[in-house]
Each structure stands twice: as structure tokens, then as C-alpha cells.
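Student: One predicted model, sequence on top.
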Amino acid sequence: MKSSRSRSRSKSNRNRNSGGGGGNVVNRVFDSSGPEGKVRGTPQQIIDKYNQLARDAQLSGDRVATENFQQHAEHYLRMLAEAQREIEARREEQERQNRERQAERDRERSSRQEQEASADPAQAPQPDIVEPAGETGLVETPESQLKPKPKSTRSRSRKPKAEPVAEQPEAPQPDADGPAPEAAE
């Protein structure tokens, strides 16, 4: 079972602001104790409420109450303006840090590419190879000794028509004595 001491400690940890400097004042809800009672809301809502109360007091002819409400409104206006300046300063600082991180990543990437290029033998400067005249440095094969056939300059757009076959004279009959003579083609 947890003791009351650890329980209270965890409650206080939950209630702490993570922003450090008073939290988000712009959206924070305040209870303002003014001359007409409590006014509750965000700073902008409180400013609007006190300005409305100041207009009402002015219309009723109460200059003291008008000034009092205007001072309360001005107080929350200063708080709101300060909070917005802090937010803007934090945003600009984050943007500056982001630009610095991006520049550092870009520098690392370019140096890494330079290292890869210098480590890659294909990217390194290659020496010139000078071969003696007439030598290619290749091994001769039987295929390389054959001369290529010249290409025909005739177009092969149509197949030639087959000529009618002329009757061939009868081939001589083999003799019983020897082999048959070959037929002429």
C-alpha cells in the first residue's frame, strides 16, 4: 500500500507545468477578483469582460469604476502581450535551432558523399593505358580471324516467286554390275 507521502508527491508532479516559465498563459484560465466580483476565463476573455464593464460604468457616469475596470483590463493585456512575446521568442529559437540542425545534416551528408567518392575506385581518377600500335590487348580467337561477310545491299521487301519446276529427265536405272550414276540436279 502506498503511503500518503508518495501519493502527494505524485500529485504535485502532475500539476507542474512542463513549459517551465508559467505554462501557456494564452490558454490558461484565470480567476480575477475585480470590484464587481470574480471574473473567470482566459486572459483575452477577462480583457473583453473588463472592457465591457468599463463601457457600462462609463455609460452610467461612474468615472472611478470605469478607470478601475480599464486598469484591470490593462493588467491582463500586459500579461497576454508578454506571453505572446515569449511564445514568439521560443518559436524563433526553435526555428533557428532547426536551421542549424539542417545545416549540420547537410554538411555531414556532403562530407559523407565526398568520402564515398574518394573510397570508390570507380570514382577515383584512372591512369591512362597506352597500348603499342596494332595491339589491342585481346586474345585472338578463331572467330576473330574470320573476315566478316559483306552485307547485301539488296532490299528484302519481297520474297521471290518460286519458278515452275521443269520436268526432269528420267534417271538412269542402276546396272546389276555397279553403282547407279548420280542424277544431275
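Tutor: It's in.
Student: what ranges do the strands span in the protein?
Tutor: Applying DSSP state E to the chain gives strands spanning 30-34, 37-41.
Student: for those strands, which one sits closest to Ser110?
Tutor: strand 30-34 (51.2 Å; CB to CB). Glycine gets a C-beta too; all of them are placed from N, C-alpha and C.
Student: can you put the strands of the chain in a markdown table and add mean pLDDT?
Tutor: Converted to a markdown table, these look like this (pLDDT from 0 to 100):
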| stretch | mean pLDDT |
| --- | --- |
| strand 30-34 | 84 |
| strand 37-41 | 88 |
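Student: closest to Leu80 out of those?
Tutor: That would be strand 30-34 among the strands of the chain, by CB to CB, at 10.5 Å.
Student: still on that earlier bit, compare the strands of the chain and give me the one nearest Thr66.
Tutor: strand 30-34 (12.7 Å).
Student: Counting by contacts, list what that closest one packs against.
Tutor: Under the contact definition 3 or more CB pairs under 8 Å, 6 or more residues apart in numbering; DSSP states H and E, strand 30-34 sits against strand 37-41, helix 43-59, helix 63-119.
Student: Can I get that strand in CSV, CA atoms only?
Tutor: Taking Å, rounded to 0.1, in the frame of the first residue of the first chain, the C-alpha atoms of strand 30-34 are listed here in CSV:
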residue,chain,number,x,y,z
PHE,A,30,-7.6,32.7,-14.5
ASP,A,31,-9.9,33.8,-11.7
SER,A,32,-9.7,37.6,-11.4
SER,A,33,-11.1,39.3,-8.3
GLY,A,34,-12.3,42.6,-9.6
